[in-house]
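Colleague: Pasted the sequence and its predicted model underneath.
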Amino acid sequence: MRFAIYGTGGVGGYFGGRLAESGEDVTFIARGEHLSTIQRDGLRVKSINGDFVISPAQATDDPLSVGEVDCVIVAVKAWQVKDAAEEMRPMIGPETFVVPLENGVEAPQHLAEVLGRAPVLGGLCGILAYRVAPGVIHHAGVDPFVRFGELDNQPSERTQRLKATFDRAQGVHAEIPDDINVAIWSKFLFICAMSGVGAVTRAPIGICRSLPESREMLEQVMQEICQAGRATGVALPENAIERAMTFIDSLPETSTASMHRDIIEGFPSELDSQNGAVVRLGEAAGVATPVNATIHAALLPQELRARRQLNF
């Protein structure tokens, strides 16, 4: 298959790298020094499952030069999805499908608003990975997985073809869930809680889950997400929070979410797409979300400063 990886950070770099390693035709969309290093030296992935290098690697910052592809994997930050959808239009043909792997629950909707519903799948991934230097990705934790499916949960040839392609790649577990929306919201439970509580406390997950007070906050964030999700028609199971906490308890003690790291480093973050989204979706469904609202309000000044909308 011919792939474009739109966003070559930890997620796009790892999963795109594994596809390229298995022999698929992969073009990485990147920018700046990261791009020039990949073009010169290849893409290097340092992984707990074994390091590898894609060299030479196909990489560009110009989607028009890529042409139509079979699949676009969208791996930018959640707040960048709408702009990415506009920019990727030259790569979208009649049979192209698009798989978002963002944190949050709104990426499929944002892609469909620009590209139409037909090419868009639902998707998510699990991995602890990030860019450590230009051209270098570090996979530091979690056995990597991708899950994707049609938004109406109907079987399709394209999802089966994508799963078969991922199955040929090393270091990736691919799955088509029975209900992709439940799968997306189930991931949202733990990543939103980990992001928000981690960013407010400035503590890694090992600390947040071990202190009774911050552990309770993690669970309160999740309870509000479950209530908002169920109110919007997502059939989250009764043990969703228990399962999310089990996953959190399995993470390395030093783990932090990308939103947490971005806020600490003064970069624009996914605050609006995570805790902010819980507040928005809760308001629309008539569900109170006071803990997420407090986290959002506490972090908002730093977010606006990172976006140069406030100066202090």
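Modeller: Looks like it arrived, so ask away. Residues are numbered from 1 along each chain as shown.
Colleague: make it CA atoms for all contacts and neighbour counts henceforth
Modeller: Will do.
Colleague: what packs against the host helix or strand of residue 3?
Modeller: Assessed by DSSP states H and E, residue 3 sits inside strand 2-6. Of the remaining helices and strands, those touching strand 2-6 by 3 or more C-alpha pairs under 8 Å, 6 or more residues apart in numbering; DSSP states H and E are helix 10-21, strand 25-29, strand 71-74.
Colleague: Helix or strand: which one has residue 45?
Modeller: Using DSSP H and E, residue 45 falls in strand 43-47.
Colleague: Would you list the strands that that strand pairs with, along with their directions?
Modeller: strand 52-54 (antiparallel), strand 136-150 (parallel) (DSSP bridges).
Colleague: returning to that earlier point: how about JSON lines for the helices and strands packed on strand 2-6, with distance to residue 42 added?
Modeller: Shown next, in JSON lines, are the helices and strands packed on strand 2-6 (distance: least, C-alpha to C-alpha, whole Å):
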{"stretch": "helix 10-21", "distance to residue 42": "10"}
{"stretch": "strand 25-29", "distance to residue 42": "11"}
{"stretch": "strand 71-74", "distance to residue 42": "19"}
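Colleague: Between the ones you listed, which one is closest to residue 204.
Modeller: helix 10-21 (18.5 Å; C-alpha to C-alpha).
Colleague: List the buried residues for the closest one?
Modeller: 10, 11, 12, 13, 14, 15, 16, 17, 18, 19, 20, 21 (16 or more other C-alpha atoms under 10 Å).
Colleague: any chance of the helices and strands packed on strand 2-6 in CSV, plus mean pLDDT and distance to residue 261?
Modeller: Formatted as CSV, the helices and strands packed on strand 2-6 follow (pLDDT from 0 to 100; distance: least, C-alpha to C-alpha, whole Å):
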stretch, mean pLDDT, distance to residue 261
helix 10-21, 98, 13
strand 25-29, 98, 23
strand 71-74, 98, 21
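Colleague: And those: which comes nearest residue 278?
Modeller: Nearest to residue 278, of the helices and strands packed on strand 2-6 and by C-alpha to C-alpha, is strand 71-74 at 22.0 Å.
Colleague: Flag every buried residue along the next helix or strand after the closest one.
Modeller: Using DSSP H and E, the next helix or strand after strand 71-74 towards the C-terminus is helix 81-87. Neighbour counts over helix 81-87 (16+ other C-alpha under 10 Å) mark 81, 82, 84, 85 as buried.
Colleague: For helix 81-87, which helices and strands make contact with it?
Modeller: Short answer (3+ C-alpha pairs under 8 Å, 6+ apart): helix 81-87 packs on helix 107-115.
Colleague: Just the residues contacting the helix it packs on, thanks.
Modeller: 78, 81-82, 85-86, 89, 100, 117-122 (C-alpha atoms under 8 Å, 6 or more residues apart in numbering).
Colleague: wait, which of those is closest to residue 52?
Modeller: Among those, and counting by C-alpha to C-alpha, the member closest to residue 52 is residue 100, at 24.2 Å.
Colleague: surely that closest one meets residue 124?
Modeller: Yes: the pair residue 100 and residue 124 passes the contact test of C-alpha atoms under 8 Å, sitting 6.7 Å apart.
Colleague: the inter-axis angle of the helix or strand where residue 127 lies versus strand 43-47?
Modeller: Following DSSP H and E, the helix or strand that holds residue 127 is strand 121-133. Orientation check (axes from the mean of the first three to the mean of the last three C-alpha atoms, to 10 degrees): strand 121-133 against strand 43-47 gives 90 degrees.
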